[in-house]
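Asks: have a look; sequence and predicted model below, questions after that.
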Amino acid sequence: MNQHLLEPGLVVAGHGRHVWVETPDGRRLICHPRGKKSVTVVGDQVLWKATQDEGTIEKVLPRRNLFYRQDEIRTKSFAANLDQVLILIAAEPEFSESQLSRALIAAEAERIRPIIALNKSDLAEPFGRAWDRLGIYRDMGYTLLPLALKPKAEGALATELALLLELMQGKTTLVLGPSGSGKSTLINRLLPHADVLTNEISTALNSGKHTTTSTSLYWVDEAKTTAVIDSPGFQEFGLNHIDPMHLAGLMPDIKAHAGDCKFYNCSHLHEPGCGVLNQMKEAPGAGGISANRYKIYSDLFAELSQTRY
C-alpha cells in the first residue's frame, strides 16, 4: 500500500457499517472500513483513500485509549483517544451508585480522567442528599461538579456551566449519562446548534431517526481544540473485560488498603490478614470504604469471576 495516496482523518460519527470522517481542512465524507469487521470508533485517527465521492479506511492509527463496556453478549466501544469522561448523573431520579462505579472503573482501566457532574442543583433537598452520597467519591480524589441544566440558567447556575467548560477546554471529553440525567440538555447548552449537526450527521449516514443510537463528536470552539463526544444513554455497564483480581486496583478506596494484606493475591473477600476486611471490621465507613462500596466490589468480583470460569 502506497502511504502517500492515503489521507489522514478523524472519525467524528459512526452508524452501522459506515463512519463519517473529517479531514484536516474540515471536509467530511463517508468512509467504509476495509474488510468485514468494522473496528473503527469515534475519536479514531485514520488513514483513508478516496473512492468516487466516498472513502475507504485503510488504517486505524494507534490509540491512546479506548473506552468501552463488555457484557456476556457483546462489546460496546464508546470512543477512542479521550482526555476525560464526564459522567452526568442527576439528584432526581436517584442515580445508581453501582452504575456510577462501573463507569469509573472502566475509565480507571484505560487511565482516562473521570469527572462526575451532579445535575439539578436547583432542587435543594434532593440535591443535598445526592451531594452527600457523593462525598466518598470526592474523598477518593474524583472531580465533582454541581450543575443545573435548566433551559435558561442564570447567575450561579451559569457559573457552574462556565466551570465545566473550563475543565473541557482544549480536551476531548466523552459525555455519558443514564436517561433522565439531562444529557441532551447539556449537549444543547454546550452546542446551541447540536440538533442541526445531529440532523446533518443523520442525513449523511442515512440513519434517519436512529441517530441517538450512534456516537458523535462535536467541536465546541472554532479552533477545533475542544471536542465533546455524545454517546447514547447507558443503562447497563458490563465490565467483563476486567480481570477480577485487578478490580481492587481500579477502585481507589479499596486500593488504599489492599497493600496491607498478608497475601499478595488476596481477593479481599475472606482471607485472613486482609487489609480491606480489617478496615471494614475496625472502622466501618472510616478510611473511605463504605459498606455500599464494599458490596459493589464483592458483587462485581463475583460477576467477573463467573464469566471466566
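Replies: Received it, and whenever you're ready, just let me know what you need. Computed from a prediction, not measured in an experiment: that's the story for all the values here.
Asks: now do the helices in the protein.
Replies: Taking DSSP state H, the helices of the chain run over residues 97-109, 124-133, 135-139, 156-168, 183-190, 194-204, 252-258, 275-282, 291-306.
Asks: so who does residue 248 touch?
Replies: By Cβ atoms under 8 Å, 6 or more residues apart in numbering, the contact list for residue 248 reads 254, 255, 258, 268, 276, 297. (Each C-beta comes from the backbone N, C-alpha and C, glycine too.)
Asks: nearest to residue 31, out of the helices of the chain?
Replies: For the helices of the chain, the distance to residue 31 is smallest for helix 194-204, at 11.2 Å, taking Cβ to Cβ.
Asks: spatially central residue in the chain, please.
Replies: With the centre of the chain defined as its mean C-alpha position, the nearest residue by Cα atoms, centre = their mean is residue 85, 4.3 Å away.
Asks: give me the beta-bridge partners of that residue?
Replies: residue 114, residue 174 (DSSP bridges).
Asks: ok, it to residue 300 distance?
Replies: With distances defined as Cβ to Cβ, to the nearest Å, the gap from residue 85 to residue 300 amounts to 18 Å.
Asks: now do stretch 163-175, average pLDDT.
Replies: Along stretch 163-175, the predicted confidence averages to a pLDDT of 95.
Asks: can I get it as CSV, trimmed to CA atoms?
Replies: Once non-C-alpha atoms are left out, stretch 163-175 reads as follows in CSV (Å, rounded to 0.1, in the frame of the first residue of the first chain):
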residue,chain,number,x,y,z
LEU,A,163,-16.6,25.9,35.3
LEU,A,164,-17.5,22.8,33.4
LEU,A,165,-16.4,24.5,30.1
GLU,A,166,-13.1,25.5,31.7
LEU,A,167,-12.5,21.8,32.6
MET,A,168,-13.2,20.8,29.0
GLN,A,169,-11.0,23.5,27.4
GLY,A,170,-8.6,22.0,24.9
LYS,A,171,-9.6,18.5,25.6
THR,A,172,-11.7,15.7,24.1
THR,A,173,-14.5,14.7,26.5
LEU,A,174,-16.9,11.9,26.3
VAL,A,175,-20.3,12.7,27.9
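Asks: residues in contact with it?
Replies: 43, 67, 78-79, 81-86, 88, 115, 117, 143, 145, 147, 183, 186-187, 190, 217, 220, 225-231.
Asks: check stretch 223-232 too.
Replies: Contacts of stretch 223-232 with the rest of the structure, by Cβ under 8 Å, 6+ apart, involve 42-43, 78-79, 82, 168-176, 183, 187, 190-191, 194, 212-220.
Asks: low-confidence ranges, this protein, go.
Replies: In the predicted model of the chain, residues 1-4, 36-38, 151-157, 194-213, 233, 283-288, 307-309 satisfy pLDDT under 70.
Asks: tell me which of the helices of the chain sits nearest to residue 29.
Replies: helix 194-204 (8.5 Å).
Asks: list buried residues within the contacts of stretch 223-232.
Replies: With burial judged by 16 or more other Cβ atoms under 10 Å, the buried subset of the contacts of stretch 223-232 is 42-43, 78-79, 82, 168, 172-176, 183, 187, 190-191, 194, 214-220.
Asks: domain assignment for the protein?
Replies: Dividing the chain into domains by automatic domain parsing, as the record does, gives the ranges 3-60, 66-230, 244-306.
Asks: quick one: terminal-to-terminal distance for the second one?
Replies: Domain 66-230 stretches 15 Å from its first residue to its last (Cα to Cα, to the nearest Å).
Asks: residue 119 is in contact with residue 148, correct?
Replies: Yes - at 7.0 Å, residue 148 and residue 119 qualify as touching, with contact defined as Cβ atoms under 8 Å.
Asks: I'd say residue 146 and residue 120 touch.
Replies: No - the criterion here is Cβ under 8 Å, and residue 146 misses it with residue 120 at 9.0 Å.
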